[in-house]
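Student: what would the 3D arrangement of this be:
(2 chains)
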Amino acid sequence: MSDTTLHGTEAAEAADRATSADDPTLAALRAGLEGESELFVEGADWESVADAVRDETLIVNMGPQHPSTHGVLRLVLELDGETVTNLTPIIGYLHTGIEKSAEYRNWVQGTTFFTRMDYLSPLFNELAYCLGVERLLGVEAPPRAQAVRVILTEFNRIASHLVWLATGGMELGSTTVMTYGFREREHILDLFESQSGLRMNHAYIRPGGLANQVTDDFVARAEALLRRLPEKIGEFEDLLTENPIWNDRLRGVGVIDVERALALGVTGPLLRAAGLGHDLRRTDPYCGIEQYDFDVPTDTAGDSYARYTVRIEEMRQSMRIIRQALDTLPSGPVMVADRRIAMPSQQQLGADGMGNDPAYIRHIMGESMEALINHFKLSTEGFTVPAGQVYSAVESPRGELGYAITSIGSNKPWRVHVREPSFVNLQAAREMTRGHQVADVIAVVASIDPVMGGVDR
Amino acid sequence: MSRPLWVAGLTAGLTFLYFLLTTAILIWGERRVVARMQSRLGPNRVGPLGALQTLVDGLKMFFKEDVTPAMVKQPIFTVAPLVGVVAGLLSTAVIPIGGEVTLGGETFTLQVADLGVGVLWFLAMGSIHVYSVFLAGWASSSPYPLLGGVRSSAQMISYEIAQGLAVASVFIYAGSLRVSDIVAAQSGEGLLPGLPGWFAIPLLPAFAVFVVGMVAEAGRPPFDLAEAEGELVGGFHTEYSGLRFGMFMLAEFMAVVIQSAMVVTLFLGGPSGPTFGLPAPIAAVMPTVWFTLKTLLFIFLFILLRGALPRTRYDRLMALGWKLLIPVGLVWALATAALVLVREDGGLSTTARLGLAAGAVVVAVLGLATGRGGRDAATIGRAVSTAVRPTAPAATDEPDPAEVAR
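Tutor: Alright, predicted model coming up:
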């Protein structure tokens, strides 16, 4: 974990260096843009692949419109009969430009962007980003906010694994698993909605804490979920764990060993299923997660079935963490006290369904000109973040989700680069499918659990 | 066969209607039952409990645009779906859907044609159905349909062999290929007094092979590889739309009904069943009622399987067919032939027969209990029971949203 903090002048120099014409790549790019030479940006992989192969090989273009490619992943398969001889994943069909767009918005607005990348684990994106910004700011969220972050992200992990189970089951032909997974996820999303107002893309975790205090019934709601989920996860196990077809489809399919997984940068359940119990919650804990007692499930088979058992067990461990976090949930504020960072209003849901804070409005409109100025500056410019670079990572449901954030001391990020586990893990697909059958490609891609919103960003 | 024309026409019309109606019930029932298993509602708008949904969907299929891609091979592309439906309908001809009926001075059985090679007719029509799938896949000139077509023709041919061997046991045991003879041979008492003389009991392994085979033959989950939408989008019917797509769906669902009807006819005594001494007009309908009930039982089994299980992989399916079902079917056909020979030579005493049957049951139970088959059967049973377990209404233990708003 690198945590290098540059100071203002150095960062500015770095910026100058990067934009200067000495850089050959940049020069070429600029020349291309100015029309001095032609610049080809092409995705003509289809033609080159089609020419390169022997006649007997069947080329199947799986996706981007295909029911089992998790949205818009495109896989060019070279088939010898039903056997896959090569697989080329082609991405970019869901490119949103979020990383670039974030450079034109202030720091708080970044949360709203990044939550939309990996749409199945929005809270992890918010958390990793906010942890990074907080480190640059040199602040730490209050204990209650930390605990709530842990509770919500662990629920998010369960929700994400449930969707994985649902879509994976669907892709392997089990429609019942699909509805069961989404059914339980809805209940988790209910909890998120009750706290953040949104079922997905919450923008609830903010630099410095949380957007607002949790509701009074937060603990009751979370406990109701904890009572409900174990039985429902047991249902999945009844349906699948010993099911001979499920075993046949997954065991020995998509095997990757620790060595290759590390070489490819694969993290998360894939790496743990291969045998290495690497989990950032252990090796690099965040939000006080080290104070809770939990296991990191591993397996040694490294196949799709091991990934299934690891994920099922992870859901159980997440519930353990939530249970402990609920029991020791501290009271207090959920936002740092620094009024240059935190919006000082504490909005409550009004009778009209809108958030409002009459006392605060009275204060800024009638009592304090300085408070009004502060409110205005925070709402329009936002706060500035000291210049520096930081890499902050959390253990998302798919693996190490890292945010490399660079600030030059302004009110906007200079650059945010995301190390997306879906994107990194996806490159293992070729290795894991070669020599298998077409049907196994589906099982392997499902077991990788890529989210295209995260892959393309 | 010296039946008047009106009798033949009536029988054919009734059989046609019967199978179309049962297919409609299957489609509706499947959507309702699977919805129930998946804690959804299923169709509930058109007609009572949504029962007329199938009709409305059929009408929709009629009026949808029927797209023909430019590169397809005509006229095969157009003919392929027709072949499937026609072959399916034709194979119903040999299935008796009821007992003897006396109407207008004529006494006849509710069976369109009691052919001397009745059972073979059924198998032959099943083979022709393969052409529909294969030609559709080939004529589409597109990789996914081609793969789907190749898969399904290999699958259907393999399982036809298994089914054929199971059927061979039946006609060796009954001594006739004629369906009416096979039904009649099952009408007596069974091995034990009180049990019906259905072939499912003495020919249990053949029965099991036939039941597994019929799921594969009808291309239904978990053996629906031809159209594995997860892998091959729509399989052989990817390029089809509108009415022609509807015909494929009809053929598939009809195959379920026909296979269920056939297993009832061959192994469960067809339309036979007690009439409870009811007066004549009702007693004449009772066989049809029995036949329908038994058929619905198997249709229900098809639906349960679909709701509970994921799809098998192609090579596993072929391995199951070639390495398990065909050997079992073959061995049992030989064993049946041996038994029949012994019977013709004077036969075994009842005690010996009972002993043999008991021995077979013990072997089967041991095999199931120790082998992987038993474990698999148990886990499949558990999967089904999990899926059909009634689900409590959602969100009972959630706080009241109104309370939260406050």
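Student: count the neighbours of the residue in the stretch 151-300 of chain A that chain B sits nearest to for me.
Tutor: Proximity to chain B, evaluated over the stretch 151-300 of chain A using C-beta to the nearest C-beta, is greatest for residue A:173 at 2.8 Å. Backbone N, C-alpha and C define where each C-beta goes, glycine included. Using other C-beta atoms under 10 Å in any protein chain shown, residue A:173 is surrounded by 26 other residues.
Student: dump the residue contacts of the residue lying closest to it once chain neighbours are set aside.
Tutor: Nearest non-adjacent residue to residue A:173, counting by C-beta to C-beta, 6 or more residues apart in numbering or on different chains: residue B:311, 2.8 Å away. The neighbourhood of residue B:311, defined by C-beta atoms under 8 Å, 6 or more residues apart in numbering or on different chains, consists of A:172-174, A:245, A:249, A:439, B:221-225, B:228, B:230.
Student: go again using 7 Å as the cut-off
Tutor: A:172, A:173, B:221, B:222, B:224, B:225, B:228 (C-beta atoms under 7 Å, 6 or more residues apart in numbering or on different chains).
Student: same question, residue B:299
Tutor: B:26, B:256, B:257, B:260.
Student: change it to 6 Å
Tutor: B:26, B:260 (C-beta atoms under 6 Å, 6 or more residues apart in numbering or on different chains).
Student: quick check: which element contains it?
Tutor: Using DSSP states H and E, residue B:299 maps to helix B:280-308.
Student: how far away is the residue of the stretch 151-300 of chain A closest to chain B from residue B:301?
Tutor: Counting by C-beta to C-beta, to the nearest Å, the separation of residue A:173 from residue B:301 is 17 Å.
Student: swap in residue A:158?
Tutor: Distance from residue A:158 to residue B:301, by C-beta to C-beta: 34 Å.
Student: who's more crowded, those two?
Tutor: Each of residue A:158 and residue B:301 has its neighbours counted (other C-beta under 10 Å); residue A:158 has more, 24 against 17.
Student: need the pLDDT of the more buried one.
Tutor: Note on residue A:158: pLDDT of 93.
Student: next one: the one 4 residues further on
Tutor: The score at residue A:162 is 92. That number is its pLDDT.
Student: I figured it was touching residue A:183, is that so?
Tutor: No - judged on C-beta atoms under 6 Å, residue A:162 makes no contact with residue A:183 at a distance of 8.8 Å.
Student: out of these two, which sits in the busier spot?
Tutor: residue A:162 (27 against 17).
Student: could you look up the SS state of that one?
Tutor: helix (DSSP: H, G, I helix; E, B strand; the rest coil).
Student: cool, residue B:332 as well?
Tutor: Under three-state DSSP, residue B:332 comes out as helix.
Student: about what we covered before: chain center to the following helix or strand past the helix holding residue B:299: distance?
Tutor: Using DSSP H and E, the helix or strand that follows helix B:280-308 towards the C-terminus is helix B:314-319. In terms of C-alpha atoms, centre = their mean, to the nearest Å, the centre of helix B:314-319 is found 20 Å from the chain centre.
Student: quick one: mean pLDDT for helix B:314-319?
Tutor: Mean predicted confidence for helix B:314-319 is 82.
Student: any stretches of the chain with poor pLDDT?
Tutor: This is for chain A. A:1-56, A:67-69, A:349-353 (pLDDT under 70).
Student: my question was about chain B
Tutor: B:1-2, B:189-194, B:226-234, B:346-350, B:353, B:366-406.
Student: can you name the residue of it nearest to chain A?
Tutor: Closest point on chain B to chain A, by C-beta to the nearest C-beta, is residue B:311, at 2.8 Å.
Student: which bits of the stretch 151-300 of chain A sit near chain B?
Tutor: Within the stretch 151-300 of chain A, the positions near chain B by C-beta under 6 Å from any C-beta of the partner chain are A:171-174, A:176, A:179, A:183, A:194, A:217, A:220-221, A:224, A:235, A:238-239, A:242-246, A:248-249.
Student: just the buried residues out of these, in ChimeraX syntax.
Tutor: To isolate the buried members of those in ChimeraX, using 16 or more other C-beta atoms under 10 Å in any protein chain shown:
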select /A:171,172,173,174,176,179,183,194,217,221,224,235,238,239,242,243,244,245,246,248,249
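Student: among the residues of the stretch 151-300 of chain A next to chain B, which are in strands?
Tutor: Nothing among these maps onto strands, per DSSP state E.
Student: state the helix or strand in which the closest residue in space to residue B:114 that isn't next to it in sequence lies.
Tutor: Closest residue in space to residue B:114, ignoring its immediate chain neighbours: residue B:180 at 4.9 Å, by C-beta to C-beta, 6+ apart. Secondary structure assignment for residue B:180, by DSSP H and E: helix B:179-185.
Student: again with residue B:130
Tutor: Here residue B:130 is assigned to helix B:118-139, by DSSP H and E.
Student: give me the most central residue, chain B.
Tutor: Centroid-nearest residue in chain B, with C-alpha atoms, centre = their mean: residue B:259, separated by 2.7 Å.
Student: dump the residue contacts of it.
Tutor: By C-beta under 6 Å, 6+ apart, residue B:259 lies in contact with B:214, B:218.
Student: can you check residue B:245 too?
Tutor: By C-beta under 6 Å, 6+ apart, the contact set of residue B:245 is residue B:237.
Student: spell out the secondary structure type for it.
Tutor: Strictly by three-state DSSP, residue B:245 counts as helix.
Student: measure how far stretch A:330-339 is from the centre of its chain, please.
Tutor: The chain centre lies 25 Å from the centre of stretch A:330-339; the measure is C-alpha atoms, centre = their mean.
Student: okay, buried residues for stretch B:106-117 please.
Tutor: Those would be B:108, B:109, B:110, B:111, B:112, B:114, B:115, for stretch B:106-117 by 16+ other C-beta under 10 Å.
Student: closest one of those to residue A:409?
Tutor: residue B:112 (88.3 Å; C-beta to C-beta).
Student: wait, that closest one sits on residue B:11?
Tutor: Yes - between residue B:112 and residue B:11 there is a contact under C-beta under 6 Å: 5.4 Å.
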